[in-house]
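**Q** Build me a structure from this.
(chains A and B)
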Amino acid sequence: MSKFLRFSSLTKKIIMAFAGGFLMVFLPVHLGINFFILPITENHQDIFRDAVHFMTTFPLIKVMEIVLIAAFIIHLLYGFILQVQNWVARPVRYKKEGWSHTSFFSKFMIHTGVIITIFLVIHFMNFYFVRLGLTSPPEGPYRVADDHDFYFMAVNLFTNKTYSIVYIVLLVLLGFHLNHAFQSAFQSLGLTHSKYTPYIKAIGDIYSIVVPLGFILIPLYFLIYY
Amino acid sequence: MDLKLKIWRQENAKAKGRFETYHVTNISPDCSFLEMLDILNESLVDKFEMPIAFEHDCREGICGTCSLYINGRPHGPDAGITVCQMHMRRFKDGSTIVIEPWRARSFPVLRDLMIDRTAFDEIIQAGGYISIATGNAPDAHALPVPKNKADLAMDAAACIGCGACVAACKNASAMLFVSAKVAQLALLPQGRPEAARRVQAMVAKMDELGFGNCTNTYACEAECPKEIKITNIALMNREFFAAKVCSQKEMAGTSGAG
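**A** As a prediction, the model looks like this:
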(Lines give C-alpha, C1' and ligand atoms only; values in the text may rest on other atoms or scores of the structure.)
Protein backbone atom coordinates (compact mmCIF):
# COMPACT_ATOMS: atom_id res chain seq x y z
CA MET A 1 0.00 0.00 0.00
CA SER A 2 2.75 2.44 0.92
CA LYS A 3 4.50 1.65 -2.37
CA PHE A 4 1.18 2.35 -4.05
CA LEU A 5 1.13 5.79 -2.43
CA ARG A 6 4.79 6.54 -3.01
CA PHE A 7 4.56 6.28 -6.78
CA SER A 8 5.52 9.60 -8.33
CA SER A 9 2.78 12.02 -9.35
CA LEU A 10 3.43 11.27 -13.02
CA THR A 11 3.31 7.50 -12.54
CA LYS A 12 -0.03 7.88 -10.77
CA LYS A 13 -1.35 9.97 -13.64
CA ILE A 14 -0.17 7.43 -16.22
CA ILE A 15 -1.89 4.63 -14.28
CA MET A 16 -5.04 6.80 -14.02
CA ALA A 17 -4.98 7.32 -17.78
CA PHE A 18 -4.56 3.62 -18.58
CA ALA A 19 -7.27 2.53 -16.14
CA GLY A 20 -9.65 5.26 -17.31
CA GLY A 21 -8.84 4.46 -20.94
CA PHE A 22 -9.78 0.83 -20.39
CA LEU A 23 -13.09 1.93 -18.86
CA MET A 24 -13.74 4.12 -21.88
CA VAL A 25 -13.22 1.12 -24.17
CA PHE A 26 -15.63 -0.92 -22.08
CA LEU A 27 -18.48 1.64 -22.14
CA PRO A 28 -19.40 1.30 -25.86
CA VAL A 29 -19.43 -2.52 -25.47
CA HIS A 30 -21.85 -2.14 -22.56
CA LEU A 31 -23.96 0.28 -24.59
CA GLY A 32 -24.02 -2.05 -27.61
CA ILE A 33 -25.66 -4.76 -25.49
CA ASN A 34 -27.99 -2.32 -23.68
CA PHE A 35 -29.52 -1.27 -27.00
CA PHE A 36 -31.16 -4.68 -27.22
CA ILE A 37 -33.34 -3.79 -24.23
CA LEU A 38 -35.13 -1.57 -26.75
CA PRO A 39 -37.39 -3.27 -29.31
CA ILE A 40 -35.02 -2.55 -32.19
CA THR A 41 -35.49 -6.05 -33.66
CA GLU A 42 -38.23 -8.62 -33.27
CA ASN A 43 -36.13 -10.98 -31.16
CA HIS A 44 -34.32 -8.24 -29.21
CA GLN A 45 -34.98 -9.97 -25.88
CA ASP A 46 -33.29 -13.15 -27.09
CA ILE A 47 -30.31 -11.25 -28.45
CA PHE A 48 -29.98 -9.37 -25.18
CA ARG A 49 -30.13 -12.60 -23.17
CA ASP A 50 -27.61 -14.29 -25.49
CA ALA A 51 -25.26 -11.32 -25.13
CA VAL A 52 -25.59 -11.35 -21.33
CA HIS A 53 -25.01 -15.09 -21.35
CA PHE A 54 -21.88 -14.63 -23.46
CA MET A 55 -20.59 -11.82 -21.25
CA THR A 56 -21.11 -13.82 -18.07
CA THR A 57 -19.76 -17.18 -19.21
CA PHE A 58 -17.15 -16.79 -21.98
CA PRO A 59 -13.72 -17.46 -20.38
CA LEU A 60 -11.87 -14.55 -22.02
CA ILE A 61 -14.60 -12.14 -20.89
CA LYS A 62 -14.34 -13.58 -17.37
CA VAL A 63 -10.67 -12.59 -17.38
CA MET A 64 -11.54 -9.14 -18.71
CA GLU A 65 -14.11 -8.83 -15.94
CA ILE A 66 -11.30 -9.04 -13.39
CA VAL A 67 -9.26 -6.48 -15.35
CA LEU A 68 -12.31 -4.22 -15.51
CA ILE A 69 -12.97 -4.37 -11.77
CA ALA A 70 -9.27 -3.79 -11.11
CA ALA A 71 -9.36 -0.77 -13.45
CA PHE A 72 -12.36 0.62 -11.56
CA ILE A 73 -10.70 0.20 -8.18
CA ILE A 74 -7.34 1.62 -9.31
CA HIS A 75 -8.98 4.57 -11.06
CA LEU A 76 -11.08 5.34 -7.98
CA LEU A 77 -8.28 4.92 -5.50
CA TYR A 78 -5.78 7.01 -7.40
CA GLY A 79 -8.39 9.61 -8.25
CA PHE A 80 -9.03 9.99 -4.55
CA ILE A 81 -5.35 9.98 -3.50
CA LEU A 82 -4.42 12.56 -6.16
CA GLN A 83 -7.34 14.78 -5.17
CA VAL A 84 -6.39 14.73 -1.49
CA GLN A 85 -2.79 15.61 -2.40
CA ASN A 86 -4.10 18.45 -4.56
CA TRP A 87 -6.21 19.85 -1.75
CA VAL A 88 -3.27 19.66 0.63
CA ALA A 89 -1.04 21.48 -1.87
CA ARG A 90 -3.02 24.70 -1.30
CA PRO A 91 -3.87 25.00 2.40
CA VAL A 92 -4.90 28.68 2.13
CA ARG A 93 -7.43 29.36 -0.61
CA TYR A 94 -7.71 32.57 -2.60
CA LYS A 95 -10.30 35.13 -1.61
CA LYS A 96 -11.16 35.67 -5.24
CA GLU A 97 -10.33 32.71 -7.42
CA GLY A 98 -10.98 30.79 -10.56
CA TRP A 99 -11.05 33.42 -13.27
CA SER A 100 -8.56 31.66 -15.49
CA HIS A 101 -9.65 30.15 -18.77
CA THR A 102 -9.59 26.41 -18.18
CA SER A 103 -10.93 23.09 -19.31
CA PHE A 104 -14.26 23.61 -17.49
CA PHE A 105 -15.26 20.04 -16.62
CA SER A 106 -11.79 19.25 -15.29
CA LYS A 107 -12.66 21.25 -12.16
CA PHE A 108 -15.46 18.85 -11.29
CA MET A 109 -13.84 15.48 -11.98
CA ILE A 110 -13.86 14.53 -8.29
CA HIS A 111 -17.50 15.58 -7.89
CA THR A 112 -18.78 13.83 -11.01
CA GLY A 113 -16.49 10.91 -10.16
CA VAL A 114 -17.92 10.47 -6.67
CA ILE A 115 -21.51 10.66 -7.94
CA ILE A 116 -20.77 8.09 -10.67
CA THR A 117 -19.19 5.81 -8.05
CA ILE A 118 -22.29 5.98 -5.87
CA PHE A 119 -24.40 5.11 -8.87
CA LEU A 120 -22.04 2.25 -9.76
CA VAL A 121 -22.53 0.71 -6.31
CA ILE A 122 -26.31 0.81 -6.84
CA HIS A 123 -25.82 -0.53 -10.37
CA PHE A 124 -23.74 -3.44 -9.04
CA MET A 125 -26.33 -4.19 -6.37
CA ASN A 126 -29.06 -4.29 -9.02
CA PHE A 127 -27.24 -6.59 -11.42
CA TYR A 128 -23.78 -7.95 -10.72
CA PHE A 129 -24.32 -8.78 -7.05
CA VAL A 130 -27.66 -10.40 -7.91
CA ARG A 131 -25.79 -12.83 -10.13
CA LEU A 132 -23.35 -13.51 -7.32
CA GLY A 133 -26.32 -14.15 -5.03
CA LEU A 134 -25.50 -11.26 -2.69
CA THR A 135 -28.54 -9.08 -3.34
CA SER A 136 -32.09 -9.71 -4.51
CA PRO A 137 -33.13 -8.66 -8.03
CA PRO A 138 -34.87 -5.27 -8.45
CA GLU A 139 -38.62 -5.49 -7.98
CA GLY A 140 -41.16 -4.19 -10.44
CA PRO A 141 -44.10 -5.13 -12.62
CA TYR A 142 -42.28 -8.10 -14.19
CA ARG A 143 -41.21 -11.35 -12.63
CA VAL A 144 -37.46 -11.95 -12.76
CA ALA A 145 -37.00 -15.59 -13.76
CA ASP A 146 -33.60 -16.22 -12.17
CA ASP A 147 -30.45 -14.40 -11.11
CA HIS A 148 -29.29 -14.33 -14.76
CA ASP A 149 -32.44 -12.66 -16.07
CA PHE A 150 -30.89 -9.25 -16.61
CA TYR A 151 -33.52 -8.26 -19.14
CA PHE A 152 -36.41 -8.10 -16.69
CA MET A 153 -34.16 -6.70 -13.98
CA ALA A 154 -33.43 -3.77 -16.31
CA VAL A 155 -37.06 -3.42 -17.41
CA ASN A 156 -38.20 -3.44 -13.76
CA LEU A 157 -35.81 -0.60 -13.00
CA PHE A 158 -36.58 1.52 -16.04
CA THR A 159 -40.34 1.28 -15.58
CA ASN A 160 -39.72 3.13 -12.31
CA LYS A 161 -39.95 6.79 -13.38
CA THR A 162 -37.77 8.11 -10.55
CA TYR A 163 -35.03 5.62 -11.39
CA SER A 164 -35.15 6.55 -15.08
CA ILE A 165 -34.89 10.29 -14.37
CA VAL A 166 -32.02 9.83 -11.91
CA TYR A 167 -30.32 7.56 -14.46
CA ILE A 168 -30.57 10.25 -17.14
CA VAL A 169 -29.13 12.93 -14.85
CA LEU A 170 -26.26 10.62 -13.91
CA LEU A 171 -25.48 9.85 -17.52
CA VAL A 172 -25.28 13.59 -18.25
CA LEU A 173 -22.77 13.88 -15.39
CA LEU A 174 -20.88 10.91 -16.81
CA GLY A 175 -20.74 12.83 -20.10
CA PHE A 176 -19.14 15.78 -18.30
CA HIS A 177 -16.61 13.42 -16.73
CA LEU A 178 -15.82 11.77 -20.06
CA ASN A 179 -15.54 15.08 -21.90
CA HIS A 180 -12.49 16.00 -19.88
CA ALA A 181 -11.29 12.43 -19.43
CA PHE A 182 -10.85 11.51 -23.08
CA GLN A 183 -8.34 14.16 -24.12
CA SER A 184 -6.85 14.24 -20.63
CA ALA A 185 -5.84 10.58 -20.88
CA PHE A 186 -3.89 11.32 -24.06
CA GLN A 187 -2.23 14.35 -22.46
CA SER A 188 -1.23 12.34 -19.37
CA LEU A 189 0.33 9.66 -21.54
CA GLY A 190 2.19 12.36 -23.48
CA LEU A 191 0.37 11.54 -26.69
CA THR A 192 0.10 14.99 -28.19
CA HIS A 193 0.82 16.07 -31.72
CA SER A 194 0.21 19.32 -33.53
CA LYS A 195 -1.67 17.42 -36.22
CA TYR A 196 -3.60 14.78 -34.25
CA THR A 197 -4.43 16.52 -30.96
CA PRO A 198 -7.30 18.57 -32.46
CA TYR A 199 -8.81 15.32 -33.78
CA ILE A 200 -8.39 13.65 -30.37
CA LYS A 201 -10.22 16.58 -28.76
CA ALA A 202 -13.00 16.41 -31.37
CA ILE A 203 -13.35 12.64 -30.97
CA GLY A 204 -13.44 13.13 -27.19
CA ASP A 205 -16.26 15.66 -27.54
CA ILE A 206 -18.21 13.34 -29.82
CA TYR A 207 -17.57 10.33 -27.55
CA SER A 208 -18.69 12.21 -24.44
CA ILE A 209 -21.97 13.16 -26.12
CA VAL A 210 -22.78 10.04 -28.16
CA VAL A 211 -22.05 7.37 -25.54
CA PRO A 212 -24.09 8.91 -22.67
CA LEU A 213 -26.82 9.84 -25.15
CA GLY A 214 -26.98 6.21 -26.25
CA PHE A 215 -27.46 5.09 -22.66
CA ILE A 216 -30.06 7.84 -22.08
CA LEU A 217 -32.20 6.66 -25.02
CA ILE A 218 -33.19 3.54 -23.07
CA PRO A 219 -34.77 5.21 -19.98
CA LEU A 220 -36.19 7.83 -22.34
CA TYR A 221 -37.99 5.11 -24.26
CA PHE A 222 -39.45 3.75 -21.03
CA LEU A 223 -40.46 7.22 -19.84
CA ILE A 224 -42.33 7.86 -23.08
CA TYR A 225 -43.93 4.46 -23.72
CA TYR A 226 -44.69 3.14 -20.22
CA MET B 1 -8.45 57.19 -11.58
CA ASP B 2 -9.79 56.43 -8.12
CA LEU B 3 -9.58 52.84 -6.95
CA LYS B 4 -10.40 50.69 -3.96
CA LEU B 5 -7.73 48.10 -3.19
CA LYS B 6 -8.15 45.02 -1.02
CA ILE B 7 -4.65 43.87 -0.20
CA TRP B 8 -3.39 40.90 1.82
CA ARG B 9 -1.30 42.08 4.79
CA GLN B 10 0.77 39.67 6.84
CA GLU B 11 3.53 40.77 9.22
CA ASN B 12 5.70 37.68 8.79
CA ALA B 13 5.64 34.03 7.74
CA LYS B 14 4.05 32.93 11.01
CA ALA B 15 1.46 35.71 11.35
CA LYS B 16 -2.17 35.04 10.50
CA GLY B 17 -2.69 37.80 7.95
CA ARG B 18 -5.80 39.67 6.85
CA PHE B 19 -7.18 41.82 4.03
CA GLU B 20 -6.84 45.60 4.39
CA THR B 21 -8.74 48.07 2.26
CA TYR B 22 -6.96 51.10 0.77
CA HIS B 23 -8.20 53.92 -1.41
CA VAL B 24 -5.94 55.46 -4.02
CA THR B 25 -6.90 58.61 -5.86
CA ASN B 26 -5.61 60.57 -8.84
CA ILE B 27 -3.90 57.61 -10.44
CA SER B 28 -2.96 58.12 -14.08
CA PRO B 29 -4.36 55.46 -16.44
CA ASP B 30 -0.89 55.31 -18.02
CA CYS B 31 0.65 54.41 -14.69
CA SER B 32 1.88 50.82 -14.40
CA PHE B 33 0.33 48.56 -11.79
CA LEU B 34 3.49 48.46 -9.70
CA GLU B 35 3.86 52.26 -9.92
CA MET B 36 0.35 52.52 -8.54
CA LEU B 37 1.47 50.35 -5.60
CA ASP B 38 4.58 52.56 -5.24
CA ILE B 39 2.32 55.61 -4.96
CA LEU B 40 0.22 53.83 -2.33
CA ASN B 41 3.37 52.86 -0.41
CA GLU B 42 4.66 56.46 -0.51
CA SER B 43 1.42 57.61 1.03
CA LEU B 44 1.65 54.90 3.70
CA VAL B 45 5.21 55.96 4.56
CA ASP B 46 4.06 59.58 4.81
CA LYS B 47 1.51 58.42 7.38
CA PHE B 48 4.22 56.45 9.27
CA GLU B 49 2.54 53.18 8.33
CA MET B 50 4.33 50.05 7.16
CA PRO B 51 4.50 49.96 3.33
CA ILE B 52 3.15 46.90 1.52
CA ALA B 53 5.86 44.37 0.68
CA PHE B 54 5.63 43.16 -2.91
CA GLU B 55 8.29 41.66 -5.14
CA HIS B 56 9.65 43.38 -8.23
CA ASP B 57 12.95 43.72 -9.99
CA CYS B 58 13.41 44.40 -13.71
CA ARG B 59 9.92 45.82 -14.30
CA GLU B 60 10.12 44.84 -17.95
CA GLY B 61 8.72 41.33 -17.82
CA ILE B 62 11.87 39.25 -18.01
CA CYS B 63 13.02 38.56 -14.46
CA GLY B 64 9.99 36.68 -13.11
CA THR B 65 10.09 38.42 -9.74
CA CYS B 66 6.72 40.15 -9.64
CA SER B 67 4.04 37.86 -8.37
CA LEU B 68 0.61 39.27 -7.64
CA TYR B 69 -2.71 37.47 -7.83
CA ILE B 70 -5.04 40.20 -9.04
CA ASN B 71 -8.82 39.78 -9.14
CA GLY B 72 -8.56 36.02 -9.27
CA ARG B 73 -5.79 35.80 -11.86
CA PRO B 74 -2.01 35.59 -11.55
CA HIS B 75 -0.36 38.64 -13.15
CA GLY B 76 -3.80 40.23 -13.57
CA PRO B 77 -6.37 40.19 -16.35
CA ASP B 78 -4.09 40.52 -19.39
CA ALA B 79 -2.69 37.51 -21.24
CA GLY B 80 1.00 36.99 -21.94
CA ILE B 81 2.41 39.69 -19.63
CA THR B 82 3.66 40.00 -16.09
CA VAL B 83 2.17 42.37 -13.48
CA CYS B 84 4.89 44.93 -14.08
CA GLN B 85 3.89 45.22 -17.75
CA MET B 86 0.26 45.93 -16.95
CA HIS B 87 -1.14 49.44 -16.93
CA MET B 88 -3.91 50.95 -14.87
CA ARG B 89 -5.95 51.71 -18.00
CA ARG B 90 -6.76 47.99 -17.94
CA PHE B 91 -9.06 48.69 -14.97
CA LYS B 92 -12.29 50.69 -14.73
CA ASP B 93 -12.23 53.93 -12.77
CA GLY B 94 -13.78 53.42 -9.34
CA SER B 95 -13.43 49.64 -9.40
CA THR B 96 -12.25 47.38 -6.58
CA ILE B 97 -9.06 45.39 -7.07
CA VAL B 98 -8.27 42.37 -4.88
CA ILE B 99 -4.52 41.69 -4.57
CA GLU B 100 -3.29 38.44 -3.02
CA PRO B 101 0.03 36.60 -2.91
CA TRP B 102 0.54 33.29 -4.77
CA ARG B 103 -1.11 30.59 -2.66
CA ALA B 104 0.62 27.22 -2.43
CA ARG B 105 1.97 25.06 0.37
CA SER B 106 5.36 25.08 -1.40
CA PHE B 107 5.34 28.90 -1.72
CA PRO B 108 4.99 30.15 1.87
CA VAL B 109 4.13 33.82 2.34
CA LEU B 110 7.08 35.72 3.87
CA ARG B 111 5.39 39.07 4.27
CA ASP B 112 2.31 40.74 2.73
CA LEU B 113 2.45 39.88 -0.98
CA MET B 114 5.96 38.44 -0.89
CA ILE B 115 6.44 34.67 -1.15
CA ASP B 116 9.33 32.25 -0.88
CA ARG B 117 9.99 30.57 -4.24
CA THR B 118 13.06 28.60 -3.13
CA ALA B 119 11.14 25.45 -4.11
CA PHE B 120 11.71 26.30 -7.78
CA ASP B 121 15.46 26.66 -7.20
CA GLU B 122 15.49 23.28 -5.49
CA ILE B 123 13.79 21.67 -8.47
CA ILE B 124 16.43 23.17 -10.79
CA GLN B 125 19.18 21.99 -8.45
CA ALA B 126 17.74 18.47 -8.64
CA GLY B 127 18.55 18.20 -12.35
CA GLY B 128 17.68 21.27 -14.40
CA TYR B 129 21.16 21.64 -15.81
CA ILE B 130 23.83 19.96 -17.94
CA SER B 131 26.48 18.56 -15.62
CA ILE B 132 29.48 19.06 -17.90
CA ALA B 133 30.86 22.29 -19.34
CA THR B 134 29.56 22.62 -22.88
CA GLY B 135 31.73 25.65 -23.65
CA ASN B 136 30.73 28.95 -25.14
CA ALA B 137 27.99 29.30 -27.72
CA PRO B 138 29.22 27.18 -30.65
CA ASP B 139 29.31 28.36 -34.25
CA ALA B 140 25.84 28.15 -35.71
CA HIS B 141 26.81 25.35 -38.08
CA ALA B 142 28.99 23.38 -35.61
CA LEU B 143 26.16 21.38 -34.08
CA PRO B 144 23.17 21.27 -36.41
CA VAL B 145 19.79 21.28 -34.70
CA PRO B 146 16.54 21.00 -36.66
CA LYS B 147 14.78 24.36 -36.82
CA ASN B 148 11.53 23.11 -35.25
CA LYS B 149 13.41 21.56 -32.31
CA ALA B 150 15.40 24.74 -31.79
CA ASP B 151 12.18 26.78 -31.85
CA LEU B 152 10.45 24.50 -29.35
CA ALA B 153 13.47 24.57 -27.03
CA MET B 154 13.59 28.36 -27.28
CA ASP B 155 9.86 28.65 -26.50
CA ALA B 156 10.29 26.42 -23.44
CA ALA B 157 13.36 28.39 -22.36
CA ALA B 158 11.24 31.55 -22.27
CA CYS B 159 9.99 30.42 -18.83
CA ILE B 160 11.03 33.04 -16.27
CA GLY B 161 10.16 30.87 -13.27
CA CYS B 162 7.70 33.36 -11.80
CA GLY B 163 5.37 30.66 -10.47
CA ALA B 164 2.17 31.94 -12.09
CA CYS B 165 1.48 28.36 -13.23
CA VAL B 166 1.48 27.18 -9.61
CA ALA B 167 -0.64 30.15 -8.57
CA ALA B 168 -3.19 29.59 -11.34
CA CYS B 169 -3.45 25.82 -10.96
CA LYS B 170 -6.35 24.70 -8.80
CA ASN B 171 -4.00 21.99 -7.48
CA ALA B 172 -0.97 24.28 -7.00
CA SER B 173 0.92 22.02 -9.41
CA ALA B 174 4.34 23.02 -10.75
CA MET B 175 4.07 20.84 -13.85
CA LEU B 176 4.28 23.66 -16.40
CA PHE B 177 7.45 25.08 -14.84
CA VAL B 178 9.15 21.69 -14.48
CA SER B 179 8.11 20.61 -17.96
CA ALA B 180 9.47 23.80 -19.53
CA LYS B 181 12.83 23.19 -17.88
CA VAL B 182 12.81 19.52 -18.84
CA ALA B 183 11.80 20.31 -22.43
CA GLN B 184 14.31 23.10 -23.13
CA LEU B 185 17.19 20.72 -22.32
CA ALA B 186 15.70 17.47 -23.65
CA LEU B 187 15.14 19.01 -27.10
CA LEU B 188 18.77 20.02 -27.63
CA PRO B 189 21.74 17.70 -28.24
CA GLN B 190 23.70 18.94 -25.21
CA GLY B 191 20.86 18.10 -22.87
CA ARG B 192 19.91 14.80 -24.43
CA PRO B 193 22.38 12.39 -22.74
CA GLU B 194 21.12 13.25 -19.24
CA ALA B 195 17.43 13.61 -20.19
CA ALA B 196 16.23 10.39 -18.55
CA ARG B 197 18.01 11.09 -15.29
CA ARG B 198 16.95 14.74 -15.29
CA VAL B 199 13.23 14.20 -15.74
CA GLN B 200 13.09 11.60 -12.96
CA ALA B 201 15.12 13.68 -10.52
CA MET B 202 13.16 16.89 -11.17
CA VAL B 203 9.77 15.18 -10.91
CA ALA B 204 10.83 13.43 -7.69
CA LYS B 205 11.90 16.77 -6.23
CA MET B 206 8.68 18.44 -7.33
CA ASP B 207 6.65 15.74 -5.54
CA GLU B 208 8.84 15.91 -2.46
CA LEU B 209 8.29 19.67 -2.14
CA GLY B 210 4.54 19.19 -1.94
CA PHE B 211 3.29 20.67 -5.20
CA GLY B 212 -0.05 19.28 -6.39
CA ASN B 213 -0.68 16.94 -9.30
CA CYS B 214 -1.64 17.92 -12.82
CA THR B 215 -5.30 17.40 -13.68
CA ASN B 216 -4.93 18.79 -17.21
CA THR B 217 -7.05 21.81 -16.36
CA TYR B 218 -4.73 24.06 -18.41
CA ALA B 219 -5.13 27.17 -16.25
CA CYS B 220 -1.30 27.34 -16.19
CA GLU B 221 -1.11 27.75 -19.95
CA ALA B 222 -3.83 30.41 -19.90
CA GLU B 223 -2.03 32.45 -17.24
CA CYS B 224 1.65 31.98 -18.12
CA PRO B 225 3.11 35.41 -18.91
CA LYS B 226 5.52 33.72 -21.32
CA GLU B 227 2.78 31.59 -22.89
CA ILE B 228 4.53 28.29 -22.24
CA LYS B 229 2.48 25.56 -23.87
CA ILE B 230 1.02 22.51 -22.13
CA THR B 231 2.57 20.44 -24.93
CA ASN B 232 5.70 20.74 -22.77
CA ILE B 233 3.86 18.83 -20.03
CA ALA B 234 2.98 16.14 -22.55
CA LEU B 235 6.65 16.05 -23.59
CA MET B 236 7.67 15.66 -19.96
CA ASN B 237 5.12 12.87 -19.45
CA ARG B 238 6.57 11.14 -22.52
CA GLU B 239 10.14 11.61 -21.33
CA PHE B 240 9.22 10.36 -17.87
CA PHE B 241 7.33 7.33 -19.17
CA ALA B 242 10.20 6.44 -21.53
CA ALA B 243 12.75 6.93 -18.75
CA LYS B 244 10.81 4.63 -16.43
CA VAL B 245 10.13 1.96 -19.02
CA CYS B 246 13.17 2.05 -21.29
CA SER B 247 16.10 3.55 -19.41
CA GLN B 248 18.58 1.58 -17.43
CA LYS B 249 18.79 2.36 -13.76
CA GLU B 250 21.49 4.97 -13.44
CA MET B 251 20.44 7.00 -10.43
CA ALA B 252 22.94 5.48 -8.04
CA GLY B 253 22.85 7.20 -4.68
CA THR B 254 19.80 9.30 -5.38
CA SER B 255 16.30 8.17 -4.59
CA GLY B 256 13.95 8.72 -7.48
CA ALA B 257 10.36 8.05 -6.51
CA GLY B 258 9.19 4.94 -8.33
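
**Q** Nearest to the middle of chain B, which residue? Look it up for me.
**A** For chain B, the residue whose C-alpha lies nearest the mean C-alpha position (CA atoms, centre = their mean) is B:G163; its distance is 2.0 Å.

**Q** so that residue touches B:R103, yeah?
**A** No. In this structure B:G163 lies outside contact range of B:R103 using CB atoms under 8 Å: 10.6 Å. Yep, even glycine has a C-beta here, placed from its N, CA and C like the rest.

**Q** Give me the three-state assignment for B:F19.
**A** Using DSSP: H, G, I helix; E, B strand; the rest coil, the three-state assignment for B:F19 comes out as strand.

**Q** May I have the beta-bridge partners of it?
**A** For B:F19, the residues forming beta bridges with it (DSSP bridges) are B:W8.

**Q** ok, it - contacts?
**A** In this structure, B:F19 makes contact with A:K95, B:K6, B:I7, B:W8, B:R9, B:V98, judged by CB atoms under 8 Å, 6 or more residues apart in numbering or on different chains.

**Q** Burial check on the nearest residue to B:S247 once chain neighbours are set aside, number of neighbours?
**A** What sits nearest to B:S247 in space, not counting adjacent residues and going by CB to CB, 6 or more residues apart in numbering or on different chains, is B:A196, at 4.0 Å. B:A196 has 20 neighbouring residues, counting by other CB atoms under 10 Å in any protein chain shown.

**Q** again, but for B:R192
**A** Applying other CB under 10 Å, we find 13 other residues in the vicinity of B:R192.

**Q** Which residue, neighbours along the chain excluded, lies closest to it?
**A** In this structure, B:R192 finds its nearest non-sequential neighbour in B:A186, 6.7 Å apart by CB to CB, 6+ apart.

**Q** Stretch B:71-85 close to chain A?
**A** Yes. Counting by CB under 8 Å from any CB of the partner chain, contacts between stretch B:71-85 and chain A involve B:N71, B:G72, B:R73, B:P74, B:P77.

**Q** So which of the residues you listed wins on neighbours?
**A** Of those, B:P74 is surrounded by the most neighbours, 29 neighbours in total, counting by other CB under 10 Å.

**Q** What separation do you get for it and B:F19?
**A** From B:P74 over to B:F19 the distance is 18 Å, taken as CB to CB, to the nearest Å.

**Q** Enumerate the residues of the stretch 151-258 of chain B near chain A.
**A** So the stretch 151-258 of chain B meets chain A at B:168, B:170-173, B:200, B:203-204, B:206-207, B:210-219, B:222-223, B:230-231, B:233-241, B:244, B:256-258 (CB under 8 Å from any CB).

**Q** Same question for the stretch 1-150 of chain B.
**A** Selection of the stretch 1-150 of chain B residues close to chain A by CB under 8 Å from any CB yields B:6, B:8, B:19, B:69, B:71-74, B:77, B:98, B:100, B:103-106.

**Q** go with 6 Å
**A** For the stretch 1-150 of chain B, the residues found near chain A under the criterion CB under 6 Å from any CB of the partner chain are B:N71, B:G72, B:R73, B:V98, B:E100, B:R103, B:A104, B:R105.

**Q** The fifth one bridge partners, please.
**A** Meaning B:E100. With DSSP bridges applied, the residues forming beta bridges to B:E100 are B:Y69.

**Q** and it, what pLDDT?
**A** On the pLDDT scale, B:E100 is placed at 96.

**Q** The residue nearest to the centre of chain B and A:F26, how far apart?
**A** Computed with CB to CB, the distance linking B:G163 and A:F26 is 40 Å.

**Q** One more: B:N232?
**A** Separation of B:N232 from A:F26 (CB to CB) stands at 32 Å.

**Q** Now do the contacts for the residue of chain A most remote from its centre.
**A** Of all residues in chain A, A:K95 has its C-alpha farthest from the mean position, at 34.9 Å, by CA atoms, centre = their mean. Residues in contact with A:K95 (CB atoms under 6 Å, 6 or more residues apart in numbering or on different chains) are B:V98.

**Q** Is it part of a helix or strand, or is it coil?
**A** Quick answer, by three-state DSSP: A:K95 is coil.

**Q** near chain B, which residues of chain A?
**A** Counting by CB under 6 Å from any CB, the residues of chain A lying close to chain B are A:7-10, A:82, A:85-86, A:89-92, A:94-97, A:99-103, A:106, A:184, A:187, A:190, A:192.

**Q** ok, of those, which come out buried?
**A** A:7-10, A:82, A:85-86, A:89-90, A:94, A:96-97, A:99-100, A:102-103, A:106, A:184, A:187, A:190, A:192 (16 or more other CB atoms under 10 Å in any protein chain shown).
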